[in-house]
Every structure is written in C-alpha cells, then in structure tokens.
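Peer 1: sequence and predicted structure below; questions after.
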2 protein chains.
Amino acid sequence: MTKTAAIIGGGVIGGGWAARFLINGWDVVISDPDPEAERKINEVLKNARRSLPALSDVVVPKEGRLTFASSLAKAVKDADWIQESTPERLDIKHKVFAEIQKHCREDALIASSTSGFKPSELQQGAARPQQIFVAHPFNPVYLLPVIELVGNGGATARASKILEAIGMKPIIVQKEIDAHVADRLLEAVWREALWLIKDGICTTKELDDIMRFGFGLRWAQMGLFETYRIAGGEAGMKHFLEQFGPCLTWPWTKLMDVPEYNDELVDLIAGQSDEQSGMHSIRELERIRDDNLVTIMRGLKARNWGAGQVLNAQDAKVKPPLPGDLTKPLKTLERVIPIDWTDYNGHMNESRYGQVFSDAGDTVMAMIGADQAYIDTGLSYFTVDNHITFNNETHAGEAIHVHTQVLQAEGKKLRMYHEIIRTSDEALLATCNQLLVHVSLETRRSCVPGPEMTEKMKTLHDAQTKLPKPASMRD
Amino acid sequence: MTKTAAIIGGGVIGGGWAARFLINGWDVVISDPDPEAERKINEVLKNARRSLPALSDVVVPKEGRLTFASSLAKAVKDADWIQESTPERLDIKHKVFAEIQKHCREDALIASSTSGFKPSELQQGAARPQQIFVAHPFNPVYLLPVIELVGNGGATARASKILEAIGMKPIIVQKEIDAHVADRLLEAVWREALWLIKDGICTTKELDDIMRFGFGLRWAQMGLFETYRIAGGEAGMKHFLEQFGPCLTWPWTKLMDVPEYNDELVDLIAGQSDEQSGMHSIRELERIRDDNLVTIMRGLKARNWGAGQVLNAQDAKVKPPLPGDLTKPLKTLERVIPIDWTDYNGHMNESRYGQVFSDAGDTVMAMIGADQAYIDTGLSYFTVDNHITFNNETHAGEAIHVHTQVLQAEGKKLRMYHEIIRTSDEALLATCNQLLVHVSLETRRSCVPGPEMTEKMKTLHDAQTKLPKPASMRD
C-alpha cells in the first residue's frame, strides 16, 4: 500500500523532503500556514524532478500524490512519517509537536529536521517523547543522500530502514550533542572562515576556490580519516597522528575565539559574495549545483564508491525482472535520459545511444546466463559490429525504453536488433543491429560457450527468429 | 627550451610535484638523502602516470627527463623552479634554504611546500629573502589543482603564471598567517572531529560517511560561501548571515578547547580507522581515491565548472591545430583512454568508441567552419547513421589516434570514414562509417549550409575523395 509522509513546514528543506518521498512513490501531504508555501514547494519540486530521476539508471517508481492540507491536524492524521521542518526555535517546535501528537497515529514516526537541537530538548513536555527524533538532512535534500538520525534506538532503527528504502544514507549518531556531527564540523569551518575574511587573509571567492579545487574534491569520495590514513602512507594512521599530533597545540586556528557578528562583518561578506556569485541568480546557482552534483554522483556510480554505491544499491532494488515472454520483442531497457548525456547540440550525444544499446545487449546476455558471475569466471561477450541509425533526437529527462529482437543466437554469435523508443509518444529514436561474439577473457579470443548457455541460446533463438522482421530494419 | 624543476625532498609531496612537472614536459632533478627516495618517487610517479594524463582529452606533452642528483648543490644549479618539501621543522628548512641559495640561480623561484610556516619565518637569515615563498599543494599533488601561494608579490606573480601553464590553480593568499587558509579550515575540522570520536558521538567511519555522503559532495564543486548563498535563497547572503549569525554564540563547537593528545586517543582513532579502511592496503586506497578524483574531475569537465574548467582551459592550451594537409587521411584526434571509459570486461566500452568517433567528426566539422561559434548561430550537424566495427580491444592509459577520410561533403551531407589506431603499434582498433547531415537547431530539420561552408566542403570533398578507399573499409 502507498505510504504517506506529512511535511510540516514547506521551505527549502521541507520541499526537499517532499520531493524525496514523492519521487520514490510516497504520497505527500504538506502543512504550512505560509500562503506562498505551494509556490515554494513547487519550485523545489521542479528542481528535484529534473535531477533526482537522472541519478537512476533504471525506471523510477511512479510519483506519489501531492496534496496541501488545510490544517496540521488533517496533514498528520494518516501519515506514516511526519517530518517537521519549522524555524529553529524550540518554543515553536514544542507547540508543533504537541499539535502533531494530538492528531497523529501512535505508530507514526515523527522526525525533526533541526540542525541544532538535541532530541531530548525536542521531546521536553511531549505526550509520547519516544516518538520524536532527529532526522537531519542536507540541502539539496532531494540529491544529497546522508541523514543524521539521533534519538531513541527503536524509532531511529525503523526510520533508518525507511530512509534506505527511498535511496538515502542514514547514519545513526550514537550520542546526542548540540548540532549533531556535520553541523559541528561545518560550524568550525564557518567560524574559522569568518576570521579569515574579517582579517583580510583572503576573499570569499579565494576561500571557496581553495576548497573546491582542493580538499572539497577529496571529501566528495573519502572523508577526513580515510584521506589522512592515506597521507600516513604504509606506516598507517598512527604515523599520521604522530606527525600531526603536535599541531594541536599550535596556533593554527582562531576558534578559541569567535568573530564579533556585526554590520561591518555582514557587509564585508555579503559584498564579496555578490562579487563572487552575483552574476548568477539563485535559481541558476541551484541548477548549476544540481547538475554538478548529479554528474559527480553518477561518476561515483561507475566506480561503485561512496554516494555512487548508494545509488547502485537503489537501482538494484527497483530493477525490473528479465523479460520472460520470448515470443515477442524483448523489453531490454527502460530509463530516463540523465543530464550528463547531453552534448553541445542540446540533445543526447550519439555515443550515449551506443551506451543504451550496450546496456540493452547486457540484458539479453543476462537472459542466457552471461551475467556478472559468469563474467567473473573468465567468459563474456564482446561487441564486434554495430550499425546504428539515429532517427529522432532525445533530451535529458525523457523516458525511453528499448525493444530488442534476437536475430541469431548460435555458436559464438549473438546478433540483436534494438530499437530505442521514446516512452511518451512511442517515437522511434534510434536502431542498432549489434553483433556480439562469445570470448574467453583469458585469451581475449572468441570461443564457443558451454552446453548450458548453448541450450539457453537455442531457446531464445528459436522463439525470436520466428518473429517478423522489425519494420524499421533495413539491412 | 625545456625548463627544469629541482625537487628537494622526495616524499609523497615531493614526488607529487615531480610528477606534475614531468608529465607537463619539464625536466626534473630530485635531491633527497634517503636511499629509498628513488623507489618512493617512482611509486608516486606510477600512480601519477595512470591518472594525470587521463584527465586530458587531448594529447599530453612528452614527459620530461627525470634524474636523481648526488647533491643538493648539483640539483639546484640550473633549476628554474626549486620546490622544497623537507620535514616541517624550521631549523631544517633554514639550513636547506641556505644551501640552495649558495648554489642556485638568482632568478630561480624557491618555493616551500610547508603547510604551517609563514614566508617571513622561512626567509629568516636567508641570503636573498625575497626569493623564498610558500607554494602549498594538496595530496595527491599530481591530481588536485590548487596551490596556495604566499609571499612577496614579485615571486608569487611569476610562480602563478608557471603553475597555470602546467594546469594548476594557484591562489595567491593576501596576507601571511600560520597554516595559510586551507590548513586552518582543515585543522578546525580535525580538532572538532577528534572531540567527536573521543566523546563517543560517532566513529571515524560514521564521521567520514557524514562528510562524503553530505557536504563533501557540495564542496567538490562550490565552496562554503557560494553554497550558503544558495541556502539564503532569493533573499541572498545577508539573509543567510542573519539566520545563522546567532549560532556563533551557541555551543556548536568545542574548538575553544583542544582534546588531549595521548596514547588513548591515538589507539581509539587508529583502531577505528583500521576497522573502517583496513581491508584495503594504502596502495589500493590511493588507486581508489585517484580513480574517484579523475572521475569527479572529468565529470566537472563536461559541465565546464570548478576543477573541470581548469582542465578544459589546459586542454585548449595544448590542443593541436586542425589538420592542414587535405591530400591525405586527416589525423582528427589523438588522446589517451581515460579510466572512466572502461567497463566490466576490463576494456573500453563500445559506447566510448562512439564518443571517439563523435569527437573525430567534430574536428572535421571545425575544419569546414562548424565550430562552437557556428553552432551558437543555430546551425550544426547531426549524426544520422554510424556503422562501427570493433577490431581490437583498447584499455585505460593507451594512446590512440584517429585517421579520418571524408567520403562525401556535398549539400547537406557529410560522410566520413574513421579508423581508431593504437599509437604504440599502429593496430587498428575500430572503424566507423559515419553520416552527418547539416541541420537548423531551430527547426531541428536538415538544411543546406551557406555558400562559405559549401565552398569549404567542396575543397575538402575534392581533395579527400581522390584518395584510395581505406583498406579496412568493407561497405
């Protein structure tokens, strides 16, 4: 049955949560007294819809239903998950939790997006304190996978499973502390950065460049400790600690002190920020950021590492079964065109059609048993000839699927004819007549597959070669 | 004339500098009394050679000559750039600088990799203080582009130009300060992180995951201030500051205090690090990190943003001219196969052959005037038919080039025959018979190009169609 998330407070963070749940097939109810809430949520959703599905290499679930409730009571009534993202004031949050608990199910999960408060603070005076915990996300919530979960074990364990199911990366924080983990690290950087700007050591742009051309690239794939472990070399982490331990007593940070927050500091930073980024509107910056994040995360997917590993695990969960009916053309692939497949002509680059055909061919290989486990035994198929026709353009965000007809599956040879079809209007986008040969990965030469695979190939061959020749096929 | 860099101190940092200079065509002389220096440098170079050229989409310069000097005096004698990467002790560095200045050219640049010392400290007692400045790199030096330059204006300005020429991103720090900019930010994170581990809030793995699945992804492409500018929304940076200004007085960081550095803390952290990363050797971790960094940076290249923009600028500098001699097959592409083009069979994926052919076709398009400026006017070429044969495998790190023969360049049609050739042994890797048609990007339909392009096409057509049919061509 479709589950329901109630989003209490519909700003950038609430909107990001709404998008995460909706695009993963949950129904979402929003409660926010702001008359602008609907517009704001829709803006976040617009960004999310163009980027989140682009992270997936399989077909994504059908989007859930979005509604706006006229009261908090109505919003939470049937909700499985209630996400509070109201302003960072404890008195407001206490009032909201009291109202939520008056109307919600007793088994509902009540999560707070708070970046600073401890669960014990949020729970003060609550009817059922154990129902309330922290699920702290990171902007943009629809793209960054990590969630800090803080609170009692029962609720956070249940929450963790749900977040994993919608493709997120929950981390349970072991003990509560002001600002959890990430915002403590961020606050440390922030305070030090304010000093550097205030003291005229560098500008906001120079500081940002030092991050994004340096350690920021490292931290997109390994964190602080794993990075430093490598810096320690073969001698390992102890060696690193011995080397850098002494710095702890050196004047390498001003954080024993806090810069005075005043108009002068605000003007200095806001002015430098305008000079650095003012040529882009916030909407443009959001798009640039999201396209960059999608690209980075998709890159890590190919390496099956970090955020990419989370995405691959999610794809595996929703991957459709292999085609079962061999008496018609096989649906070998179904997906959305990601942003990083587009070229200077504003459409999918010709090489990515090749990737779609390669992936469709993989499905047929898997049907005859040539899956990853088979490849690990030292046997595989190599493509030796492709004839591709490009019939229509396709663009980022469009859903496509591939129909494949096996033309020959005998001996070493596997010949297929693929059609890429746009799902919305069934337009033919491209065709490929593809010839693969079975090879030994040891000798890198062709060889005949074993009897088991030969048997599967015969079944496929016999069923598929009876079908009429595809209408689009010319040679 | 080939320039020479002297590398004083050949550890991981010195080795990284050596690789940067060598792979960008500089001669490099190493001076290090450690008998293991040659082995260590060669290990860094091995990593660098498999990853740095993979960042480039054009042919990279011929590697310079690497030598090991028997004395510091001999190493620095003719050097244009002298990079000091000795241990972080001021007395050692003072001795090294005195010896360098006794033997080096007066116009040589003397840069220190120090992560902590100020230039004024390094210069104490020097014969020519103004010659010495800080050029602080980040590990892995052969991949991360940023360099913090600190010191007198004349030397850092000259250094900046040289570093840009070898594809790096120098940032001149305006005022000297202990630990410059990055290591102050890193030290702040490090101190806070040590508290979090010591207090049992999280483990090293959990902290790393919170970074690499969260704000680390953000900082790989935008820094602290640009990211927060977006968080401020349309109201901008001032709004963000107003929202988070009050946190400055909250107990969100322990950095007013420093954790005691003792055996217990070292064992705690080293133990957790072993559990987190001990399944990989340091060499493996280096490879994983480098492949991830290459993938992330290549992704940003496609978006022409951040580190990717630096790489594109570097490619543009070393891009070969368009083929001039039309009376023979055209050399339309020359490059090394990057790591992210490899698939589960351990060789270049079939779709990437398509990308090579697409890029080779772009060169011919540019020859007839269909370059980016032309595309910006709303006209371009679309590929409508590709017949690809895959003749031999190719792997990451191999140099390839493409020979292209134009078969037809008339009216709307541009038909080419490409051969991908492995540079080392001239083996034929793949062929493509590619048909493009001239299109209007407005109507997305084919149309005849203007007289200027038609004229260029005719010249190309007449010269190329006289050539004999390529031997590998079957249809």
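Peer 2: Received the coordinates, thanks.

Peer 1: C-alpha only now, for contacts and for neighbours.
Peer 2: OK.

Peer 1: list phi and psi for residue A:120.
Peer 2: According to degrees, to the nearest 10, the main-chain angles of residue A:120 amount to phi -60, psi -30.

Peer 1: what about the strands in the stretch 251-400 of chain A?
Peer 2: Under the criterion DSSP state E, counting those that start in this stretch, the stretch 251-400 of chain A carries strands at the ranges A:330-336, A:379-390, A:399-410.

Peer 1: which one of these lies nearest to residue B:122?
Peer 2: Go through these one by one with C-alpha to C-alpha and the one that ends up closest to residue B:122 is strand A:330-336, at 56.5 Å.

Peer 1: helix/strand/coil for residue A:238?
Peer 2: Residue A:238 carries the three-state label helix when classified by DSSP: H, G, I helix; E, B strand; the rest coil.

Peer 1: I figured it hits residue B:272, correct?
Peer 2: No. Counting by C-alpha atoms under 8 Å, residue A:238 does not reach residue B:272; the two are 11.2 Å apart.

Peer 1: give me the neighbour count for residue A:176.
Peer 2: With neighbours defined by other C-alpha atoms under 10 Å in any protein chain shown, the count for residue A:176 comes to 20.

Peer 1: cool, and residue A:200?
Peer 2: Here the number of neighbours of residue A:200 (other C-alpha under 10 Å) works out to 14.

Peer 1: so which strand or helix has it?
Peer 2: Here residue A:200, judged by DSSP states H and E, is contained in no helix and no strand.

Peer 1: could I get the pLDDT score of it?
Peer 2: Note on residue A:200: pLDDT of 90.

Peer 1: one step back: now the strands of the stretch 251-400 of chain A in a markdown table, with mean pLDDT, distance to residue B:222 and mean neighbour count?
Peer 2: Putting the strands of the stretch 251-400 of chain A into a markdown table (pLDDT from 0 to 100; distance: least, C-alpha to C-alpha, whole Å; neighbours: other C-alpha atoms under 10 Å in any protein chain shown) gives the following:
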| stretch | mean pLDDT | distance to residue B:222 | mean neighbour count |
| --- | --- | --- | --- |
| strand A:330-336 | 94 | 27 | 23 |
| strand A:379-390 | 95 | 37 | 22 |
| strand A:399-410 | 96 | 30 | 23 |
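
Peer 1: of all the ones you listed, which lies closest to residue A:54?
Peer 2: Using C-alpha to C-alpha as the measure, strand A:330-336 is the one of the strands of the stretch 251-400 of chain A that comes nearest residue A:54, at 6.5 Å.

Peer 1: partners of the closest one in the sheet?
Peer 2: For strand A:330-336, the pairing partners within the sheet under DSSP bridges are strand A:399-410 (antiparallel).

Peer 1: any residues touching the strand it pairs with, and which ones?
Peer 2: Contacts of strand A:399-410 from elsewhere in the structure, counted by C-alpha atoms under 8 Å, 6 or more residues apart in numbering or on different chains, are A:328-337, A:360, A:414-424, A:454, A:457-458, A:460-461, A:464-465, A:470.

Peer 1: drop anything exposed from these.
Peer 2: A:328-337, A:360, A:414-423, A:454, A:457-458, A:460-461, A:464-465 (16 or more other C-alpha atoms under 10 Å in any protein chain shown).

Peer 1: where in chain A is pLDDT low?
Peer 2: Where chain A drops to pLDDT under 70, the residues are A:234, A:245-261, A:475.

Peer 1: rerun at 80
Peer 2: A:1, A:59-60, A:232-266, A:268-270, A:272, A:344-346, A:474-475 (pLDDT under 80).

Peer 1: domain ranges for it?
Peer 2: For chain A, the domain assignment from automatic domain parsing gives the residue ranges A:4-178, A:183-279, A:320-464.

Peer 1: nearest to residue B:46, out of these?
Peer 2: domain A:183-279 (15.3 Å).

Peer 1: now distance to residue B:176 too, for the strands of the stretch 251-400 of chain A, in a markdown table please.
Peer 2: Converted to a markdown table, the strands of the stretch 251-400 of chain A look like this (distance: least, C-alpha to C-alpha, whole Å):
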| stretch | distance to residue B:176 |
| --- | --- |
| strand A:330-336 | 50 |
| strand A:379-390 | 58 |
| strand A:399-410 | 54 |
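
Peer 1: of those strands, which is nearest residue A:436?
Peer 2: If you check each of the strands of the stretch 251-400 of chain A against residue A:436 by C-alpha to C-alpha, strand A:379-390 wins as the nearest, at 4.2 Å.

Peer 1: and that closest one, what does it pack onto?
Peer 2: Contacting strand A:379-390 under the criterion 3 or more C-alpha pairs under 8 Å, 6 or more residues apart in numbering or on different chains; DSSP states H and E are the following elements: strand A:428-440, strand B:379-390.

Peer 1: closest one to residue A:394 among those strands?
Peer 2: strand A:428-440 (7.0 Å).

Peer 1: and the closest residue in space to residue A:42 that isn't next to it in sequence, what element?
Peer 2: Sequence neighbours aside, residue A:15 is the residue nearest to residue A:42 in space, at 7.8 Å (criterion: C-alpha to C-alpha, 6 or more residues apart in numbering or on different chains). Applying DSSP H and E as the criterion places residue A:15 in helix A:12-23.

Peer 1: dump that helix to PDB, restricted to CA.
Peer 2: Coordinates of the C-alpha atoms in helix A:12-23 are reproduced here as PDB (Å, rounded to 0.1, in the frame of the first residue of the first chain):
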ATOM      1  CA  VAL A  12      13.600  24.600   1.000                       C
ATOM      2  CA  ILE A  13      14.200  21.800   3.500                       C
ATOM      3  CA  GLY A  14      10.600  20.700   3.700                       C
ATOM      4  CA  GLY A  15      10.300  20.900   0.000                       C
ATOM      5  CA  GLY A  16      13.300  18.700  -0.400                       C
ATOM      6  CA  TRP A  17      11.900  16.100   1.900                       C
ATOM      7  CA  ALA A  18       8.600  16.200  -0.100                       C
ATOM      8  CA  ALA A  19      10.500  15.600  -3.300                       C
ATOM      9  CA  ARG A  20      12.400  12.700  -1.900                       C
ATOM     10  CA  PHE A  21       9.200  10.900  -0.800                       C
ATOM     11  CA  LEU A  22       7.100  11.800  -3.800                       C
ATOM     12  CA  ILE A  23       9.700  10.700  -6.400                       C
END
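
Peer 1: ok, now which ones touch residue A:461?
Peer 2: For residue A:461, the contact set (C-alpha under 8 Å, 6+ apart) comprises A:406-410.

Peer 1: would you mind measuring from it to chain B?
Peer 2: Here residue A:461 is placed at a distance of 23 Å from chain B (C-alpha to the nearest C-alpha, to the nearest Å).

Peer 1: for that residue, pull up the helix or strand it's in.
Peer 2: When elements are assigned from DSSP H and E, residue A:461 belongs to helix A:451-464.

Peer 1: can you check residue A:135 too?
Peer 2: Element membership for residue A:135 (DSSP H and E) is strand A:132-136.

Peer 1: I'd assumed residue A:444 was in a strand, is it?
Peer 2: No. According to three-state DSSP, residue A:444 belongs to no strand; its state is coil.

Peer 1: got a list of what it touches?
Peer 2: Shown in contact with residue A:444 (C-alpha under 8 Å, 6+ apart): no residues.

Peer 1: I figured residue A:421 hits residue A:394, correct?
Peer 2: No. In this structure, residue A:421 is not within contact of residue A:394 by C-alpha under 8 Å, at 9.7 Å.

Peer 1: buried residues in the strand or helix carrying residue A:46?
Peer 2: Following DSSP H and E, the helix or strand that holds residue A:46 is helix A:37-51. By neighbour count on 16+ other C-alpha under 10 Å, the buried set for helix A:37-51 is A:37-38, A:40-41, A:44-45, A:47-51.

Peer 1: can I get these in CSV with distance to chain B?
Peer 2: Listed next are those as CSV, based on distance: C-alpha to the nearest C-alpha, whole Å:
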residue, distance to chain B
A:37, 14
A:38, 16
A:40, 11
A:41, 13
A:44, 11
A:45, 15
A:47, 13
A:48, 15
A:49, 19
A:50, 16
A:51, 14
